[in-house]
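[1] please work out how this folds:
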Amino acid sequence: MRATDKTLYTAMGAITLLFVSILSVNFQSAYASPVGMTLQDSYAEAAYGDTGSNDQVLKAVENLLLQYPKDPLLTAYYGSTLAIKARDSWAPWNRSKYTKEGLNYLNKALRLLDEDSYSKPYSGLNEGLFIQSLAAITFVSMPDFLQQEEKGYDMLQGILDSENFQYYPFEPRAWIHRAAVKAALSKGDKQQALEWAIEMYRLAPTHPYTLEAMELVEA
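    So this is what the prediction gives:
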């Protein structure tokens, strides 16, 4: 088993923590608990390890999906939350179960993307790019037996090379650049990692994610 496999659920936790700060405000008003917590608040607590909050988020999104079963963002959000549940499950069979369910929902979200998704502003990018990136970064974090790393890496390469992606300023896409550098290093493709890190430096030399990427490639 690779070192990345052994740290799968730690990596998934880091991924989901990153997304806490950039989820749509639509989710903030979609659900509120009896004590006034928004869905966004509950998701943040779940990402930090509160299993009760994670169950609240799953239930809330399940209810929303009953109303909007073909909403790609809700579907991707549900898949991400299932990944958190996998991370927090102590039983190996539950980790496997929730990881696979999360991947299924992320794949479903990708299938639901249409032309409108790529014209709908979301988190400084567009909804389609955000969902693609969320899925790709999750895929590259999966263990070998799920056979998702290659797919996720190919997706990240396609995203970074696309004109659509290049259209947006660096700040809202910095997390995707950083994840791509890490994925390239994980695959042993240091030349590609270096090229992406240099591109980050060209765009924003003092950005924290750029500094981290440059350190990762030891440039």
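[2] and for the closest residue to residue 203 other than its chain neighbours, the neighbour number?
    Excluding the flanking residues, the one nearest residue 203 by CB to CB, 6 or more residues apart in numbering is residue 170, at 4.4 Å. To be clear about C-beta, it is placed using only N, CA and C from the backbone, and glycine gets the same treatment. Around residue 170 there are 15 other residues, counting by other CB atoms under 10 Å.
[3] domain assignment for the protein?
    Domain segmentation of the chain under automatic domain parsing yields 3-168, 169-219.
[4] comparing those domains by mean pLDDT, which bottoms out?
    Of all those, mean pLDDT reaches its minimum on domain 3-168 (a mean of 76).
[5] now the residue nearest to the spatial centre of the chain: how far from residue 94?
    By CA atoms, centre = their mean, the chain has its centre lying nearest to residue 134, at 3.0 Å. Relative to residue 94, residue 134 is positioned 22 Å away (CB to CB, to the nearest Å).
[6] pull the longest helix from the protein.
    helix 92-112 (DSSP state H).
[7] I'd like to know which elements it is packed against.
    Packing partners of helix 92-112 (3 or more CB pairs under 8 Å, 6 or more residues apart in numbering; DSSP states H and E): helix 72-88, helix 127-139.
[8] out of those helices, which gets nearest to residue 111?
    Residue 111 lies closest, by CB to CB, to one member of the helices and strands packed on helix 92-112: helix 72-88, at 8.4 Å.
[9] convert the closest one to CSV, retaining C-alpha atoms only.
    Taking Å, rounded to 0.1, in the frame of the first residue of the first chain, the C-alpha atoms of helix 72-88 are listed here in CSV:
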residue,chain,number,x,y,z
PRO,A,72,-25.2,18.9,-9.7
LEU,A,73,-23.9,21.2,-6.9
LEU,A,74,-26.0,19.6,-4.3
THR,A,75,-25.1,16.2,-5.6
ALA,A,76,-21.4,17.0,-5.4
TYR,A,77,-21.8,18.6,-2.0
TYR,A,78,-23.4,15.3,-0.8
GLY,A,79,-20.6,13.3,-2.2
SER,A,80,-18.0,15.5,-0.4
THR,A,81,-19.9,15.1,2.9
LEU,A,82,-20.0,11.3,2.5
ALA,A,83,-16.2,11.5,2.1
ILE,A,84,-16.0,13.3,5.5
LYS,A,85,-18.2,10.5,7.0
ALA,A,86,-15.8,7.9,5.5
ARG,A,87,-12.9,9.8,7.1
ASP,A,88,-14.5,9.8,10.5
